[in-house]
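[1] here are the coordinates; sequence isn't available:
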């Protein structure tokens, strides 16, 4: 879920990735633009941090924003065997 924070000059997007089972944030990124690259960076960081077993039953849930529908993002989820 991308959250936008307004600092009275410009809104900034913040993308946290949470491990709901462990109840903690495992990755996050902030950006001044809403491009798919910053949510993909957060996903890569989370995969590196948690090192999930391929096909280990992970499920990805998002707010279905356009960043999550990007080809690169959906391809990376499929590559990591993460269900959507």
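    Nice, thanks for sending it over. Computed from a predicted model, the values in this text were never measured in an experiment.
[2] can you give me the buried ones in the helix or strand hosting residue 39?
    When elements are assigned from DSSP states H and E, residue 39 belongs to helix 36-50. Judged by neighbour count (16 or more other CB atoms under 10 Å), helix 36-50 contains these buried residues: 36, 38, 39, 40, 42, 43, 45, 46, 47. C-beta here means a position set from N, CA and C on the backbone, and glycine is covered the same way.
[3] can I get these in a markdown table including pLDDT and distance to residue 53?
    Listed next are the buried residues of helix 36-50 as a markdown table, based on pLDDT from 0 to 100; distance: CB to CB, whole Å:
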| residue | pLDDT | distance to residue 53 |
| --- | --- | --- |
| 36 | 78 | 26 |
| 38 | 81 | 26 |
| 39 | 84 | 23 |
| 40 | 89 | 21 |
| 42 | 87 | 20 |
| 43 | 88 | 17 |
| 45 | 90 | 18 |
| 46 | 88 | 14 |
| 47 | 88 | 11 |
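[4] name the helix or strand of the chain that has the lowest mean pLDDT.
    None of the helices or strands of the chain scores lower by mean pLDDT, DSSP states H and E than strand 3-6, at a mean of 65.
[5] from the contact counts, what lies against whichever helix or strand comes after it?
    The C-terminal neighbour of strand 3-6 among helices and strands, as given by DSSP H and E, is strand 11-19. On a contact count with 3 or more CB pairs under 8 Å, 6 or more residues apart in numbering; DSSP states H and E, strand 11-19 meets strand 3-6, strand 24-31, helix 36-50.
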